[in-house]
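>>> Mind folding the following:
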Amino acid sequence: MNLPAIGNDERAKRRQKLSELVDNPIVLMGNDLQPRNLPMVSLPFRQDSSFLYFTGCDTPGAAALSIDGVWTLFVPRPSADDALWHGPSLTLTQQAQALGFDQVRPSDELEAAVASGLRQGSISTLAVADESRNRLASWWSNTPLRFGEHFGDPDLVAAIIAMRRVKSPAEQAQLALAARHSAAAHVAVAQAAKPGVSEGQLAALFHGVLSVRGCVPGYGTILTRRGEVLHQRGHGGIVEAGDLLLVDGGGEVSSGYTADITRTWPIGGPLRGRARAAYQAVLDAQMAAIEQCKVGVRFRDVHDTACRILAEFLISEGLLTCSVDEALQSGAHAVFFPHGVGHHLGLDVHDLENFGDRSSYPADRDRPSLFGTKYLRLDLPLEAGWVVTVEPGLYAVPEIVYDAELRVRLADRVNWSAAEAWIGLGGIRIEDNIVVTSEGPHNLTAETPKHLEEIEPLIGSGPSIEERLGVRW
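Numbering: from 1, shown residues only. Below is the predicted model of the structure:
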């Protein structure tokens with residue numbers, strides 16, 4: 001990963017601010033290489049996002065230590081074998097200059113440096129995805145660390161959450177770049193999406209466009225004719241006329257920031273009947289929810305805005321037999337819209353979610369337990385500089401429609417026989433990436449088409465998949 005897009009001065013100010021917010025010495029651990037199936041065969045490396053945020057260092061096995069506000073970067077000492085197999089490495093001095101650190105030292109000196117910090121009191125650190133690194137940091141901090149569960153020192157975690165939530169102009173520019181590259185990949189898939197093409201071919205095209213533009217997938221691409229499976233794995237299906245092809249994918253640019261865009265493409269001709277009405281309802285809900293993404297608006301209200309419009313549609317189609325208010329109070333609408341309307345976006349696709357609900361809910365409010373709203377990933381008043389996704393959807397999920405407990409609990413709210421008739425529709429989701437500004441919402445992904453009059457002439461309008469990829473299948 002090539003990481004100069006965020007300036008060293010900005011990262012230095014971040015480190016300075018973090019030292020001011022946390023009294024103790026601080027250790028930030030980066031991830032290390034993880035074997036795939038042999039010690040010499042590694043999984044694709046991705047640096048810990050908080051480590052990237054403060055250091056810009058993409059070197060496996062690196063760490064950073066702050067004592068009295070003085071930051072030192074520690075990187076593995078290169079060997080002759082490293083040069084043979086992986087090419088020459090920058091010297092410590094060159095790395096210090098490239099990353100804007102006054103001090104860069106070999107990693108084998110980290111333990112002694114941490115011991116020096118411990119003489120001043122406790123060490124503050126946080127969990128990363130690499131469990132071997134967590135074990136080392138746990139020993140130093142006398143705190144059990146587990147990624148996604150035991151996050152680390154509460155003061156350090158709170159400071160990082162507060163800082164990373166607000167995206168600087170440079171970060172917003174990187175997210176806009178990721179959105180632009182991702183839009184090209186989405187449009188390429190739409191143009192190539194014709195009956196008889198495989199999901200695997202379309203996924204190869206999507207990833208190829210990202211690669212040509214210098215991106216990697218920011219997360220596992222969801223590209224499926226079975227959109228009712230929210231996070232469908234694999235691309236084994238064949239696209240047929242009448243299908244709704246759901247594509248949820250985004251490119252990660254060289255600085256680590258990712259887009260997260262979802263579009264639903266009707267295959268083999270214009271949408272008709274209930275599918276067309278459902279698509280328009282999702283689009284109406286999404287556009288209304290985006291308009292609510294303003295400073296001070298609680299994100300639960302953004303979610304409820306989408307829910308109300310979708311509930312009105314479900315009532316009009318005879319799928320719900322209650323009022324809009326009754327649907328939202330009981331969760332009846334969630335039979336067809338079972339997830340939250342969005343989440344933070346940044347260096348991670350679900351940004352800061354490794355810190356659990358601490359990053360997305362206030363301290364005095366727990367995540368709801370009601371079906372549907374328990375999957376709401378964010379419920380805080382929006383602030384200027386936040387970047388969030390807005391992604392309502394409608395789905396006909398057999399496992400929900402035939403759920404015995406839900407059928408009893410929502411017997412007077414849902415027309416279950418009508419719901420059964422919708423099975424086979426699949427799923428419709430439309431997702432954009434929104435910057436919250438003092439002037440209102442700014443859509444970073446607006447150039448990815450979503451209105452029916454835009455997408456229907458686009459889908460299947462391009463050359464064949466073989467011509468696009470230059471490969472005969």
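
>>> use CA for all of it now, contacts and neighbours both
Noted.

>>> Check the burial of the closest residue in space to Glu439 that isn't next to it in sequence by counting its neighbours.
Sequence neighbours aside, Lys294 is the residue nearest to Glu439 in space, at 8.0 Å (criterion: C-alpha to C-alpha, 6 or more residues apart in numbering). Lys294 has 22 neighbours, counted by other C-alpha atoms under 10 Å.

>>> Repeat that for Phe337.
When neighbours are counted by other C-alpha under 10 Å, Phe337 registers 26.

>>> any idea how far Ile400 is from the nearest residue to it once chain neighbours are set aside?
Excluding the flanking residues, the one nearest Phe337 by C-alpha to C-alpha, 6+ apart is Leu394, at 5.2 Å. Distance, Leu394 to Ile400, using C-alpha to C-alpha, to the nearest Å: 13 Å.

>>> the more surrounded of these two?
Taking neighbours as other C-alpha under 10 Å, Leu394 and Ile400 compare with Leu394 leading, 26 against 17.

>>> Who does Asn433 form a beta bridge with?
Bridge pairing for Asn433 (DSSP bridges) gives the partners Thr389.

>>> coming back round to it: helix/strand/coil for the residue nearest to Phe337?
Under the three-state scheme (DSSP: H, G, I helix; E, B strand; the rest coil), Leu394 adopts strand.

>>> so what's it up against?
Applying C-alpha atoms under 8 Å, 6 or more residues apart in numbering to Leu394 gives the contacts 278, 282, 310, 336-337, 427-429.

>>> Recalculate using a threshold of 10 Å.
Leu394 is in contact with 227-228, 278-279, 281-282, 310, 314, 333-339, 425-430, counting by C-alpha atoms under 10 Å, 6 or more residues apart in numbering.

>>> again, but for Ala419
Residues counted as contacts of Ala419 (C-alpha under 10 Å, 6+ apart) are 314, 317-320, 335-336, 396-398, 400-402.

>>> Give me the subset of those that lies in strands.
Within the contacts of Ala419, no residue falls in strands by DSSP state E.

>>> what two of those are the furthest from one another?
Farthest apart among these by C-alpha to C-alpha are Glu317 and Tyr402. That separation is 19.0 Å.

>>> per-domain residue ranges of the chain.
8-165, 169-469 (automatic domain parsing).

>>> mean confidence score for the shortest one?
What it means is domain 8-165. Averaging pLDDT along domain 8-165 gives 91.

>>> rewinding a little: any idea whether the residue nearest to Glu439 is helix, strand or coil?
Recorded secondary structure, Lys294: coil (three-state DSSP).

>>> One more: Val247?
strand.

>>> Which residue, other than its chain neighbours, is closest to it?
Nearest residue to Val247, sequence neighbours excluded (C-alpha to C-alpha, 6+ apart): Leu223, at 4.4 Å.

>>> ok now do that neighbour, which residues does it touch?
Leu223 makes contacts with 189, 199-200, 202-203, 206, 231-237, 245-249, 262-264, as judged by C-alpha under 10 Å, 6+ apart.

>>> Which of the residues you listed fall within strands?
Among the contacts of Leu223, the members falling in strands (DSSP E) are 245-249, 262-264.

>>> ok, of these, which one's closest to Ala113?
Of the ones in strands among the contacts of Leu223, the one sitting nearest to Ala113 (C-alpha to C-alpha) turns out to be Gly249, at 42.1 Å.

>>> Quickly note the distance from the residue nearest in space to the middle of the chain to Gly440.
Nearest residue to the geometric centre of the chain (C-alpha atoms, centre = their mean): Val349, 1.4 Å. As judged by C-alpha to C-alpha, Val349 and Gly440 stand 22 Å apart.

>>> Need the winner for burial among the domains of the chain.
With neighbours taken as mean count of other C-alpha atoms under 10 Å, these reach their highest mean count in domain 169-469, at a mean of 20.

>>> Now do it: distance to the chain's middle.
How far domain 169-469 lies from its chain's middle: 12 Å, per C-alpha atoms, centre = their mean, to the nearest Å.

>>> so who does the closest residue to Ile67 other than its chain neighbours touch?
Distances taken as C-alpha to C-alpha, 6+ apart put Pro25 closest to Ile67, at 4.8 Å, once the chain neighbours are dropped. Neighbour list for Pro25: 19, 65-71, 114, 116-118, 120-125 [criterion: C-alpha under 10 Å, 6+ apart].

>>> Also Phe54?
Taking C-alpha under 10 Å, 6+ apart as the contact definition, Phe54 lies against 8, 10-16, 18, 28, 64, 160, 164.

>>> go with 7 Å
Phe54 makes contact with 11, 14-15 under the criterion C-alpha atoms under 7 Å, 6 or more residues apart in numbering.

>>> Can you give me the distance of it to Leu347?
Distance of Phe54 to Leu347, computed by C-alpha to C-alpha: 12 Å.

>>> if I look at these two, which residues touch both of them?
In contact with both Phe54 and Leu347: no residue, using C-alpha under 7 Å, 6+ apart.

>>> Next, the distance between the ends of stretch 344-357.
Stretch 344-357: ends 12 Å apart by C-alpha to C-alpha.

>>> Identify all contacting residues around that stretch.
49, 147-148, 151, 161, 218-219, 256-258, 260, 343, 359, 387-389.

>>> ok, 8 Å please
So stretch 344-357 is in contact with 49, 147-149, 151, 157, 161, 164-165, 167, 175, 218-219, 256-260, 343, 359-360, 367, 377-378, 386-389, 433, going by C-alpha under 8 Å, 6+ apart.

>>> repeat for stretch 251-261
By C-alpha under 8 Å, 6+ apart, the residues outside stretch 251-261 that reach it are 1-6, 49, 52, 171, 174-175, 177-179, 181-182, 210, 214-218, 247-250, 345-349, 389, 430-433, 445.

>>> contacting residues for the most far-flung residue of the chain relative to its centre?
No residue in the chain sits farther from the centre than Arg119, which is 39.4 Å out by C-alpha atoms, centre = their mean. Listed by C-alpha under 8 Å, 6+ apart, Arg119 has no contact partners.

>>> Tell me how far it lies from Leu21.
As for Arg119, its distance to Leu21 is 20 Å (criterion: C-alpha to C-alpha).

>>> Check Ala203 too.
Going from Ala203 to Leu21 by C-alpha to C-alpha gives 44 Å.

>>> and if you look at Ala98?
Counting by C-alpha to C-alpha - Ala98 and Leu21 are separated by 26 Å.

>>> and what of Ala129?
24 Å.

>>> With Val239 instead?
Taking C-alpha to C-alpha, one finds Val239 at 53 Å from Leu21.

>>> Need the phi and psi values for Arg105.
Note on Arg105: backbone dihedrals following degrees, to the nearest 10 are phi -130, psi 160.

>>> er, Pro441 actually
Main-chain dihedrals, Pro441, degrees, to the nearest 10: phi -70, psi 140.

>>> so it touches Cys293, yeah?
Yes - taking contacts as C-alpha atoms under 8 Å, Pro441 lies within contact range of Cys293: 5.5 Å.

>>> Contact partners for Gln34?
Residues counted as contacts of Gln34 (C-alpha under 8 Å, 6+ apart) are 42-43, 45.

>>> Among those, name the ones in strands.
Cross-referencing those against strands under DSSP E gives Ser42.

>>> can you redo the contacts of Gln34 as TSV with distance to Val408?
Output for the contacts of Gln34, formatted as TSV (distance: C-alpha to C-alpha, whole Å):
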residue	distance to Val408
Ser42	50
Leu43	46
Phe45	48
